[in-house]
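[1] Fold the following and give me the result.
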Amino acid sequence: MGSLHGYAIARRIEQVSGESLQLSQGSVYPALIRLEQEGWITTEWGVSETNRKVKFYSLTRAGRKQLRVEIENWEKATALVARFLESR
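    Numbers count the residues shown, from 1 in each chain. As a prediction, this is how the structure comes out:
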């Protein structure tokens, strides 16, 4: 998707979730700070579509690698849960 600012990231997550998730700034920005501290995202100042100065966030190479690890872990966990549910 490329670089997005925090508000756009939150709205995108809400959109993809079918509006099932409602995110607040109090949950999004601390997560973005943590991801930046881990080296998984990088930030760059820019101007939003509403002409405001905002930080844009992008995945780093390490972030893309970590994303693959997290996806693999999620797939393993959901497969395990599925096995338990199938054995009922």
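
[2] For the helix ranked longest in the chain, give the mean pLDDT please.
    Longest helix in the chain by number of residues (criterion: DSSP state H): helix 61-86. If you average the pLDDT over helix 61-86, you get 96.

[3] Can you name every helix or strand that it contacts?
    Packing contacts for helix 61-86, counted by 3 or more CB pairs under 8 Å, 6 or more residues apart in numbering; DSSP states H and E, involve helix 25-38. For glycine as for every other residue, the C-beta is placed from the backbone atoms N, C-alpha and C.

[4] Helix, strand, or coil at residue 46?
    Three-state secondary structure (criterion: DSSP: H, G, I helix; E, B strand; the rest coil) places residue 46 in strand.

[5] and if you look at the one 5 residues further on?
    When classified by three-state DSSP, residue 51 comes out as coil.

[6] next one: phi and psi at it?
    When read as degrees, to the nearest 10, the backbone of residue 51 gives phi 70, psi 30.

[7] pLDDT at it, what is it?
    Looking at residue 51, the pLDDT reads 94.

[8] and the gap between it and residue 7?
    Relative to residue 7, residue 51 is positioned 14 Å away (CB to CB, to the nearest Å).

[9] how about the longest helix of the chain: buried residues?
    Within helix 61-86, the residues that count as buried by 16 or more other CB atoms under 10 Å are 63, 66.

[10] relative orientation of that helix and helix 25-38 in degrees?
    If you take axes from the mean of the first three to the mean of the last three CA atoms, to 10 degrees, helix 61-86 sits at 120 degrees to helix 25-38.

[11] what comes into contact with stretch 50-68?
    Under the criterion CB atoms under 8 Å, 6 or more residues apart in numbering, residues 2-7, 9, 32, 35-36, 38-48 lie in contact with stretch 50-68.
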